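[1] 3D model of this:
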Amino acid sequence: MTLDETHNPDRISWVDGSEPGSDFPVQNLPLGIFSEGRGLRRPGVAIGDYILDLSAVADLLDEDWREDLSQPILNAWLSRGPDLHRALRERLSEILTDVRYRDAVEVCLIGQSEVRMHVPCLIGDYTDFYVGIHHATNVGRQFRPDNPLLPNYKYVPIGYHGRASSVRPSGEPVVRPSGQRKAPDAELPEYGPSRRLDYELELGIWIGRGNELGQPIPIGEAGDHISGYCLLNDWSARDLQAWEYQPLGPFLAKNFLTSVSPWVVSADALAPFRSPMPPRPEGDPQPLAYLTDPVDRQSGALNIQLEVTLLTDKMREAGLSPHVLSQGSADAAMYWSAAQIVAHHSSNGCNLQPGTSSAPAHSRLRAIRDWVRCSKSAAGEAADPARKRRNSQLPGGRRRDRLAGVVRAERRGSNRSWRMYGAGCLRRRLSRALNGAGRVTILGCPANDGP
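    Model prediction:
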């Protein structure tokens, strides 16, 4: 993937809050679906502290793009393929940096704190892969202490199909799941709320162009089928999982909720962070031919820093800083690349569809929001955000009234890189989701279905 002017770190937007090191500089430009108050859902792009309403700037975009960029979901646009995605990125970068467009464009900016974000696609399929060998080993040790990593792992990307209906945008309250559990020393299982609710930080891969049933995607072409990435939290009830997972794998331990960030970070935006895949340890087998590609070996990994933090209500009341639970580089955790899991997912002829979220059918990154909270009781808190009429401050100092839901936002300083806002927004250094970099999830959505 070639770098161009949109990746230039010296490129500056005229939009407030988009300076280098911010959450949403002009080098990022992720797409998402938002709504104001009880208004219609529509596509937007994050820039600085604002969202650019793409339907409002339709006259500045290619006429052929307008229908897809006015839909309440991004499935149709993601299916367009990398060339048009790149063309839109170039055009958005131009109008957000060239001051000649400022008067026409800044009235189409809406404060991020004034909108509600939604899952960007209608998700038809969701597949979870064990991309990280350390994660696979650690989870395996919980259930098979004497044999944590099964021998097939080093030959075949291990995945399972998840429940697409319970994928929600970050910020959705988590209701502690109930199910059967059986302690090692118990004679019989019992039913009740999970006592070992866990989180997993994952990268979600959004599938762009799909493939026909019976037509595998060659690994050398797999990258063209990946439209973007996000952060994802794969909530897991470990006590339920330990009892139910044999012989067919997890079920109720996983399908109660999956949290994803609402922003689709394009493959082009992450191009500067591409790095070689880590060399396999001595003695490990090399991938089979259908999973081998020289370009993927040289640039299939993502050199991005992932971080999980915890901040409770009591910590906030006490003025304490978030506690870091885990952190590390995504490329160090990748035993399998995104291209390899897309190629493997379709290698038997399985058809992938645009809009997949977290799992290999349409690669995308799983994402979660920073402040997703889990209720300590069996019942979750009801989410009823207060709404009020507020004045919207535009970058040029003009003001505009609008009815909007009030959501809490936090900004953090960073170095030169930016994050995927965990569980909902993109943050510098793709940080602040929840736990265990080591999985990649793909989400799949029908290209032409409505919400």
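[2] Quick check: which ranges of this structure have low pLDDT?
    Low-confidence regions of the chain, defined by pLDDT under 70, span residues 356-441, 443-451.
[3] can you rerun that using 50?
    Counting by pLDDT under 50, the low-confidence segments of the chain come to 357-392, 399-437, 448-451.
[4] Find the centremost residue of it, please.
    Taking C-alpha atoms, centre = their mean, the centroid of the chain lies closest to residue 230, which sits 1.8 Å from it.
[5] Could you pull out the buried residues of the longest helix along the chain?
    For the chain, the helix with the greatest residue count under DSSP state H is helix 82-97. Neighbour counts over helix 82-97 (16 or more other C-beta atoms under 10 Å) mark 82, 84-86, 88-89, 91-93, 95-97 as buried. Every residue, glycine included, has its C-beta placed from N, CA and C.
[6] Give me the next element, helix or strand, following it.
    Toward the C-terminal end, the helix or strand that comes next after helix 82-97 (DSSP states H and E) is helix 102-105.
[7] circling back to that earlier point, right, and out of the buried residues of helix 82-97, which lies closest to residue 218?
    Comparing the buried residues of helix 82-97 against residue 218 with C-beta to C-beta places residue 82 closest, at 15.5 Å.
[8] Need the nearest residue in space to the closest one, chain neighbours excluded.
    Once flanking residues are discounted, residue 82 sits nearest to residue 224: 5.4 Å by C-beta to C-beta, 6 or more residues apart in numbering.
[9] In the stretch 1-150 of the chain, what residue spans correspond to helices?
    Assigned by DSSP state H, counting those that start in this stretch, the stretch 1-150 of the chain shows helices spanning 75-78, 82-97, 102-105, 133-143.
[10] Surely residue 140 is in contact with residue 151?
    No: the pair residue 140 / residue 151 is not scored as a contact, 11.8 Å apart, by C-beta atoms under 8 Å.
[11] Which one of those two is surrounded by more residues?
    Set residue 140 next to residue 151 and count neighbours by other C-beta atoms under 10 Å: residue 140 wins out with 16 against 8.
[12] residues contacting that one?
    Residue 140 makes contacts with 147-150, as judged by C-beta atoms under 8 Å, 6 or more residues apart in numbering.
[13] Separate out the buried members of the residues you listed.
    Neighbour-count burial (16+ other C-beta under 10 Å) is assigned, among the contacts of residue 140, to residue 149.
[14] For residue 18, state which of the contacts of residue 140 is nearest.
    Using C-beta to C-beta as the measure, the one of these that approaches residue 18 most closely is residue 149, at 43.9 Å.
[15] Spatially nearest residue to the closest one, not counting backbone neighbours?
    In this structure, residue 149 finds its nearest non-sequential neighbour in residue 137, 4.9 Å apart by C-beta to C-beta, 6+ apart.
[16] And the one you found, how far from residue 153?
    Spatial separation of residue 137 from residue 153 under the definition C-beta to C-beta, to the nearest Å is 9 Å.
[17] swap in residue 282?
    Where residue 153 is concerned, residue 282 sits at a distance of 17 Å (C-beta to C-beta).
[18] Touching, residue 214 and residue 349? I think so.
    Yes: with the criterion set as C-beta under 8 Å, residue 214 and residue 349 qualify as a contacting pair; they are 4.1 Å apart.
[19] burial count for the closest residue to residue 236 other than its chain neighbours?
    For residue 236, the nearest residue in space outside its immediate sequence neighbours is residue 198; the separation is 4.5 Å by C-beta to C-beta, 6+ apart. Taking other C-beta under 10 Å as the criterion, the count of residues near residue 198 is 19.
[20] Can you give me the buried ones in stretch 237-248?
    Judged by neighbour count (16+ other C-beta under 10 Å), stretch 237-248 contains these buried residues: 237-244.
[21] In strands, which of the residues you listed appear?
    residue 237 (DSSP state E).
[22] ok, which pair from the buried residues of stretch 237-248 is furthest apart?
    Across the buried residues of stretch 237-248 (C-beta to C-beta), the longest gap, 11.0 Å, separates 238 and 244.
[23] who touches both of the two?
    The overlap between the contact sets of residue 238 and residue 244 (C-beta under 8 Å, 6+ apart) consists of residue 253.
[24] mind checking which helix or strand the residue of the chain most remote from its centre is in?
    Ranking residues of the chain by C-alpha distance from their mean position (C-alpha atoms, centre = their mean) puts residue 187 at the top, at 41.2 Å. Using DSSP H and E, residue 187 is not contained in any helix or strand.
[25] who touches it in this structure?
    Taking C-beta under 8 Å, 6+ apart as the test, residue 187 contacts no residue whatsoever.
[26] so how many other residues sit close to the residue nearest to residue 348 when sequence neighbours are not counted?
    Nearest in space to residue 348, with sequence neighbours left out and distances taken as C-beta to C-beta, 6+ apart, is residue 216 at 7.3 Å. Using other C-beta under 10 Å, residue 216 has 19 other residues around it.
[27] I'd like to check which residues are in contact with residue 216.
    Taking C-beta under 8 Å, 6+ apart, we find residue 216 in contact with 290, 343, 346-349.
[28] that older thread, just to check, the residue nearest to residue 236 is in contact with residue 240?
    No: taking C-beta under 8 Å as the contact criterion, residue 198 and residue 240 are not neighbours in contact, 10.7 Å apart.
[29] What distance do you get for residue 210 to residue 69?
    Where residue 69 is concerned, residue 210 sits at a distance of 19 Å (C-beta to C-beta).
[30] The chain - how does it break down into domains?
    Here the domain parsing of the chain from automatic domain parsing is 5-119+382-405, 125-380+419-444.
[31] Go through the ones you listed and pick out the most buried.
    Per residue and on average, the most neighbours among these fall to domain 125-380+419-444, with a mean of 21 (mean count of other C-beta atoms under 10 Å).
[32] what's the offset of that domain from the middle of its chain?
    Chain-centre distance of domain 125-380+419-444: 9 Å, with C-alpha atoms, centre = their mean, to the nearest Å.
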